[in-house]
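Undergrad: Pasted the sequence and its predicted model underneath.
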Amino acid sequence: METIALNDAEFRQFRGLIHEVAGISLSDAKKPLVAGRLGKRLRQRGLTSYGDYFRLLQRESSEHQIAVDLLTTNETYFFREPKHFDFLRQLLQGELRSRPGPLRIWSGACSSGEEPYTIAMLLAEHLGQRPWEVLASDLSTRILEQARAGTYPLEEAEGIPRELLHKYCLKGTGRHEGLFGIDPVIAKRVHFSQINLNTTLPDVGQFDVIFLRNVMIYFNQDTKRKVMERLLAHLRPGGYFIISHSESLNGISDAVKVIKPSIYRKPDA
Ligand SMILES: C[S@@+](CC[C@H](N)C(=O)[O-])C[C@H]1O[C@@H](n2cnc3c(N)ncnc32)[C@H](O)[C@@H]1O
């Protein structure tokens, strides 16, 4: 099969598009990544240049979401950065244990669902029958479909502590052989929604804890500041904001105070 080249002008067009829509900033080094991710789609659509694909995007709004989905990076896994979940456990056994009303946690760039389901297992484990819910949102509709399905290859189960795996996951049989699923008893308390953090947010209410991990790395400083401002409006006073260990809020927001590396708290009102 003949390789289709992505020239610099075409790269700049796609870079502009993903920045405008998602706030994602792509450096020049990402040119091969863009070519690789869009190349297959271009062929599926019977096109012979990236420029033609960009023009098609202007005409077909339904293709827009497909291109955005292809340009997002969705790497994730269960119990990623386990210190955050140790911290959540402590909160659930202590400060948040007797908080009145339903406990609400938001996973703001949830990818294929491993992060919100990890949170849900801990909530179920520590809160018992007390009401709780998880909002799990992402920009990519394709990845949200996977997340809603809540089924994963068995290898992914390795990251889940044994007792939680046995209690909250179901091993697939028949046509689901080699897969496991999240038990509907907890999955039904995780609500998936498409939310673009780069635009005005819908009215999602107030949260006790917000996880926003491994997504701001793709944003420039200005976008990070705007995203933080939007999200912090939905964190209740005294609530916690958790980013990845590879990220920092230095120079981005001083509305929350660091209490441990990558864990922040909004001061009480
Ligand atoms: C690398 S994953 C992070 C998954 C998970 N939070 C974790 O730490 O494992 C980044 C996710 O951010 C999403 N994303 C990128 N830009 C976004 C935006 N503007 N609004 C919402 N989600 C976005 C991508 O679709 C992708 O699923």
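TA: Looks like it came in fine.

Undergrad: wait, isn't Ile195 in contact with Leu212?
TA: No - assessed by Cβ atoms under 8 Å, Ile195 is found out of contact with Leu212, at 11.6 Å. C-beta coordinates here come from the backbone N, C-alpha and C atoms, glycine included.

Undergrad: what residues are shared contacts of the two?
TA: Gly108 (Cβ atoms under 8 Å, 6 or more residues apart in numbering).

Undergrad: how close does the residue most central in space within the chain get to Ile243?
TA: Centrality entry for the chain: nearest residue to the mean C-alpha point is Ala109, 1.9 Å, by Cα atoms, centre = their mean. Distance, Ala109 to Ile243, by Cβ to Cβ, to the nearest Å: 11 Å.

Undergrad: ok, now Leu135?
TA: Counting by Cβ to Cβ - Leu135 and Ile243 are separated by 17 Å.

Undergrad: Compare neighbour counts for these two and give me the winner.
TA: With neighbours defined as other Cβ atoms under 10 Å, Leu135 and Ile243 compare such that Ile243 has more, 26 against 21.

Undergrad: Tell me how many other residues crowd the closest residue to that one other than its chain neighbours.
TA: Nearest residue to Ile243, sequence neighbours excluded (Cβ to Cβ, 6 or more residues apart in numbering): Ser262, at 5.2 Å. The number of residues packed near Ser262 is 20, by other Cβ under 10 Å.

Undergrad: I'd say Ser262 and His245 touch.
TA: Yes - counting by Cβ under 8 Å, His245 is a contact partner of Ser262 at 4.9 Å.

Undergrad: which residues are common contacts for these two?
TA: Glu81.

Undergrad: tally of neighbours for Leu123?
TA: Neighbours of Leu123 under the rule other Cβ under 10 Å: 23.

Undergrad: Using the three-state scheme, assign it.
TA: Judged by DSSP: H, G, I helix; E, B strand; the rest coil, the three-state class of Leu123 is helix.
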